[in-house]
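Asker: next one to model:
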Amino acid sequence: MTNFKKIGLTALAGTLAATAYAQAGALSVSGTARMEYQSTQASATAKADSFAQNTTISFTGSGELDNGMTVSYLQAQAGSNVLTSQGVTLDMGDMGSVAITNYNFGGIGIIQDKVPNGGEQPWDDLGTHGAPEQGVAAPHAGNRLGYKTTMGGATVSASMDYQQNSPTTSLAVSMPLMEGLEIGAGIATDQDSATTEQDIETMYVKYSMGGISVGYQVTDVERTAANSDIERTAYGISFAVNDNLSVGYGVSDTEFEDSSLTLDEENTGIGIAYTSGGMKLGIINNTKDNAGGTAGEQEMTEFQLTFAF
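Answerer: The predicted structure follows:
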C-alpha cells in the first residue's frame, strides 16, 4: 500500500511539473513537402528537364517571462537536415522586438520583393538568388541583430551584422497611407572589405483593393568600384479570382552603369496558383533577357505540387 502511494505521489509530481513547463512555453511543428517538374531553356542549344522535390520542417517555441515579455525561437530545416533559418526573438510589447537571426527580421531585408506576384517573383528561378539585379539583397546571409517597432502606424526596423569584420547596417520604414495603400523605403550600407562598399536604397508603393494588388519598387545600388552602379525597377499585379485561385504577372528591369553592358536585364514572370486546404498547385513561367547585361534569353517553366502540414 505504501509503495502504491509513493508511486502515485511521484507520478502526480511529475504531471504537475510537466504542466507547469507546458504553461511556461509552447512548441509547434509545421512543414511543407513540394514536388516539382522544371523545364529550363538556358540558351538556344541548352535545354534541361528535371523532377525535383523539396521538404521543409519548422520548429517554433515561445514562452512568457515574469515581466510580460515573450521569448520565441524558430528553427527551420530543408532537405537532408540542412539548417536554413534560426533565431531568437524578444517581444517587449510597446517597446518593440529585438532578435538575433540568420534571416530577415529587421532593416532593408524585410521590404525586399514587395511587388505582387503569381507565386514567385519573376527573377527567382533564373540567375543568382539575392543579387541586387534580382531583388533587394539582404546584405550578408549570416547572423544579424534586428529591431522592429511600430510608431504612429509606421513600422520602423533596423539591422546590423558583422561578417568577417565587414559591418552592415540597414534601416527600413513602411506605413499605410490609406485603406489599401502602403509605402515604404529602406537604406543599407554593406562594407564587403576595408576598401569596398555598396550603398543600397529602395522604395516601394503597393495598393490593394478587393482581390487585386498592384505594386512598384525601385532600387539603386552604388558601389565603390568604378562604373559598377545599378538601378532596378520592378512592378507587378496579382488577382485573386476566388478564395482558391489566383494569378499574377511581374516584370523587373535592371540598368547597368558599366558602359560595356549596353543591354538592360529584363525578367518577366507569370504564375497561377490553386489551393485546396493544405494542398497548393502552381504553374510558373519565368523568362530572363540579357542576364547581367549580356545578350541572351533564358526561360523556365515549373509545375509545383505542395502539401502543408
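
Asker: pretty sure Ile108 sits in a helix.
Answerer: Yes: counting by DSSP: H, G, I helix; E, B strand; the rest coil, Ile108 falls inside a helix.

Asker: does it touch Gln198 like I think?
Answerer: No: the criterion here is Cβ atoms under 8 Å, and Ile108 misses it with Gln198 at 11.9 Å. Yep, even glycine has a C-beta here, placed from its N, CA and C like the rest.

Asker: among those two, which residue is more densely surrounded?
Answerer: Ile108 (30 against 21; other Cβ atoms under 10 Å).

Asker: name the helices or strands packed onto the helix or strand in which Ile270 is found?
Answerer: Taking DSSP states H and E as the criterion, Ile270 maps to strand 265-276. Packing partners of strand 265-276 (3 or more Cβ pairs under 8 Å, 6 or more residues apart in numbering; DSSP states H and E): strand 245-256, strand 279-289.

Asker: please redo it, this time with the cut-off set to 10 Å
Answerer: Taking 3 or more Cβ pairs under 10 Å, 6 or more residues apart in numbering; DSSP states H and E as contact, the helices and strands that strand 265-276 lies on are strand 230-240, strand 245-256, strand 279-289, strand 297-308.

Asker: average pLDDT across it?
Answerer: Throughout strand 265-276, pLDDT has a mean value of 91.

Asker: could you do stretch 279-287 as well?
Answerer: 91.

Asker: with stretch 175-190 instead?
Answerer: 92.

Asker: can you show me the helices along the chain?
Answerer: Taking DSSP state H as the test, the helices found in the chain are 2-24.

Asker: which residues of it score low on pLDDT?
Answerer: 1-25, 44-45, 80-81, 118-141, 163-166, 192-194 (pLDDT under 70).

Asker: partners of Phe256 in the sheet?
Answerer: For Phe256, the beta-bridge partners are Ile230 (DSSP bridges).
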